[in-house]
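Participant: What shape does this take:
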Amino acid sequence: MQGSRVAVIGGSIAGCAATLAAVRAGAASVTVYERAGGELRDRGVGISLHDDRYSELHEAGYVTPEMPYKQLDRRVWTVRDGDTGLGRGLATQPFPFRAYNWGSLWQELRRRVPEGVDYRSRAAVAAVSQDADGVTVRLAGGGEERHDAVVGADGYRSVVREAMFPHLSPLYAGYVGWRGAGTDAGGAWPDDGEARTVVFPGGHCVIYRILTADGSSRVNWVLYTAPPEELAKELNLDEPTSLPPGRLSSQLTTYLRQLVAEHFPPYWAESILGTPPDSTILQPIYDLEVPGYAQGRLCLAGDAATVARPHIGGGSVKALQDAAALESSWREATDWDAAMAAYDRGRTEIGTAMVAQARRLGRAQVEETPDWAGLDEEQFQGWWQEQNRTPDGRSGFGGHAMRRG
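Facilitator: Residues are numbered from 1 along each chain as shown. Got it, this is the predicted structure:
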């Protein structure tokens, strides 16, 4: 890495972390190409980091206590029960997570990118191509630039992945996630580290508080279910896509509001229905695993490599872990072949395992939901253990532990 020129395609959380990895590993110059502009800082949805994974990432130098968060400690699975405001709790689980505002976490990572890095906003990359000596980056606006290596951190529609594995693209899982951040519906929900999962036939909704940029609190929620077939066809969800705020049709908004009104306890329904429709996001759920995380002078990080359904609670963890593994691999190797091979060995297996586990969680919690209201605490805990265990008997919920050395 000493004296090398590295490009990072994508400048969001995965891209900023990969940039830090390249700088720490000794790159002489790093260029970041981010197709979006200032709107990155405005993303107000929530993400979470498991406490154990946070500790590992803090030790590795990729997260700090100064990044604003809310501490969660338990999750209450909840079903509608008549007109009871908060609903009836089916079961309570430990939930040791730090809840972050996506935009705030990104801004903290962005501030830590050294001034010497050439970070370019609104710089879309059309394609990359490699040869024995390096990589050519072709810009969408015209022109080409050369680098010794390129990290693809450009999300689930990655141009770097397309160069490595042509025609490999995410597969639609058959359902979507509606996301939003609303206001508290009146203070009935205690602000003491509790997350809620409201369940209903054919899906569920995860709800927890996050901090905004000004330090106030908002109710973050994401609701998973299959949209009506006619709306899914109209959106052509088989092609990787998403609908940002302001893009939801009136039909989609009406469907969401009717579902919430019918199946949610009044308090949670009010919290979600109080979210302005023009600030709601529609996120189709996809699966993607790759044969390898590195090939020649190209490598992948974050969703560019692995798209695991969000139910595993480890997407942001994996993106940050990818960066830590990249730094370690590049520091210890004596040439590019060894560096990329070490990174590939360290991350491909974990990425594949996360996709498989997230599929199981998606089937159990959305595609083949149980009779939620008929479960007692013991039955629920047995159901959770059955669908959350990996083949080796461990749980990867919240992300897999980092592998050192």
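Participant: Which residue ranges of this structure form helices?
Facilitator: 13-24, 51-60, 102-112, 159-164, 229-235, 250-263, 266-273, 315-332, 336-362, 377-388 (DSSP state H).
Participant: most packed of those helices?
Facilitator: Ranked by mean neighbour count, the helices of the chain are led by helix 13-24 with a mean of 27 (mean count of other CB atoms under 10 Å). Every residue, glycine included, has its C-beta placed from N, CA and C.
Participant: what's the average pLDDT for that helix?
Facilitator: Mean pLDDT, computed over helix 13-24, is 97.
Participant: how far is stretch 215-235 from where the chain is centred?
Facilitator: 15 Å (CA atoms, centre = their mean, to the nearest Å).
Participant: Show the end-to-end separation of it, please.
Facilitator: 36 Å (CA to CA, to the nearest Å).
Participant: Determine the longest strand present in this protein.
Facilitator: strand 88-101 (DSSP state E).
Participant: quick one: it to helix 377-388, angle?
Facilitator: Orientation check (axes from the mean of the first three to the mean of the last three CA atoms, to 10 degrees): strand 88-101 against helix 377-388 gives 40 degrees.
Participant: Please list the residues outside the worst-scoring helix or strand of the chain on mean pLDDT that contact it.
Facilitator: Lowest by mean pLDDT, DSSP states H and E among the helices and strands of the chain is helix 229-235, with a mean of 87. Here helix 229-235 makes contact (CB atoms under 8 Å, 6 or more residues apart in numbering) with Ala226, Pro227, Thr241, Leu243, Ser249, Gln251, Leu252, Tyr255, Pro284.
Participant: Let's see that with 6 Å instead.
Facilitator: Gln251 (CB atoms under 6 Å, 6 or more residues apart in numbering).
Participant: circling back to that earlier point, okay, the helices of the chain in a markdown table with distance to Leu171 next?
Facilitator: What follows is those, written out as a markdown table (distance: least, CB to CB, whole Å):
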| stretch | distance to Leu171 |
| --- | --- |
| helix 13-24 | 21 |
| helix 51-60 | 26 |
| helix 102-112 | 24 |
| helix 159-164 | 14 |
| helix 229-235 | 14 |
| helix 250-263 | 22 |
| helix 266-273 | 28 |
| helix 315-332 | 17 |
| helix 336-362 | 10 |
| helix 377-388 | 20 |
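Participant: Compare these and say which comes out lowest on pLDDT.
Facilitator: helix 229-235 (a mean of 87).
Participant: nearest to Gly399, of the helices of the chain?
Facilitator: Of all those, helix 315-332 sits nearest to Gly399, with 3.5 Å by CB to CB.
Participant: ok so, going back, what's the longest strand of the chain packed up against?
Facilitator: Secondary-structure packing of strand 88-101 (3 or more CB pairs under 6 Å, 6 or more residues apart in numbering; DSSP states H and E): strand 46-50, strand 70-79, strand 203-211, helix 377-388.
Participant: The same query, at a cut-off of 7 Å, please.
Facilitator: The contact analysis (3 or more CB pairs under 7 Å, 6 or more residues apart in numbering; DSSP states H and E) places strand 88-101 against strand 46-50, helix 51-60, strand 70-79, strand 203-211, helix 377-388.
Participant: Present the ones you listed as TSV; the columns should include distance to Ala17.
Facilitator: TSV is the format used below for the helices and strands packed on strand 88-101 (distance: least, CB to CB, whole Å):
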stretch	distance to Ala17
strand 46-50	13
helix 51-60	9
strand 70-79	22
strand 203-211	20
helix 377-388	27
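Participant: Among the ones you listed, which comes closest to Arg347?
Facilitator: Going by CB to CB, the one of these nearest Arg347 is helix 51-60, 14.1 Å.
Participant: Need the residues that contact that closest one.
Facilitator: Val63, Thr64, Pro96, Phe97, Arg98, Val317, Leu320, Ala324, Gly398, Gly399, Ala401, Met402 (CB atoms under 7 Å, 6 or more residues apart in numbering).
Participant: any idea how far the closest residue to Glu289 other than its chain neighbours is from Thr197?
Facilitator: Distances taken as CB to CB, 6 or more residues apart in numbering place Val355 nearest to Glu289, at 4.6 Å, with adjacent residues excluded. Distance of Val355 to Thr197, computed by CB to CB, to the nearest Å: 22 Å.
Participant: And the strands in the stretch 101-250 of the chain?
Facilitator: 118-121, 125-131, 134-139, 144-147, 149-152, 171-182, 194-200, 203-211, 217-225 (DSSP state E, counting those that start in this stretch).
Participant: would you list those in TSV and tack on distance to Ala301?
Facilitator: Formatted as TSV, the strands of the stretch 101-250 of the chain follow (distance: least, CB to CB, whole Å):
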stretch	distance to Ala301
strand 118-121	16
strand 125-131	14
strand 134-139	15
strand 144-147	16
strand 149-152	6
strand 171-182	20
strand 194-200	28
strand 203-211	24
strand 217-225	23
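Participant: got any ranges where the stretch 101-250 of the chain has weak pLDDT?
Facilitator: Within the stretch 101-250 of the chain, the set of residues satisfying pLDDT under 70 comprises 185-187.
Participant: now do 90
Facilitator: For the stretch 101-250 of the chain, the stretches with pLDDT under 90 are 103-104, 167, 181-192, 211-218, 229-235, 239, 241-249.
Participant: circling back to that earlier point, so for Glu262, which of the strands of the stretch 101-250 of the chain sits nearest?
Facilitator: Of the strands of the stretch 101-250 of the chain, nearest to Glu262 by CB to CB is strand 194-200, at 8.1 Å.
Participant: Report the backbone C-alpha coordinates of that closest one in CSV.
Facilitator: What follows is strand 194-200, C-alpha atoms only, in CSV (Å, rounded to 0.1, in the frame of the first residue of the first chain):
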residue,chain,number,x,y,z
GLU,A,194,-37.2,-0.3,24.8
ALA,A,195,-37.7,-1.3,21.2
ARG,A,196,-41.0,-2.6,19.9
THR,A,197,-41.8,-5.1,17.2
VAL,A,198,-45.5,-4.9,16.2
VAL,A,199,-46.5,-8.2,14.5
PHE,A,200,-49.4,-8.9,12.2
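Participant: strands paired with that strand, and their directions?
Facilitator: Strand 194-200 has the following strand partners under DSSP bridges: strand 70-79 (parallel), strand 203-211 (antiparallel).
Participant: just how off-centre is the first one within its chain?
Facilitator: Its chain's C-alpha centre lies 19 Å from the corresponding centre of strand 70-79 when counted by CA atoms, centre = their mean.
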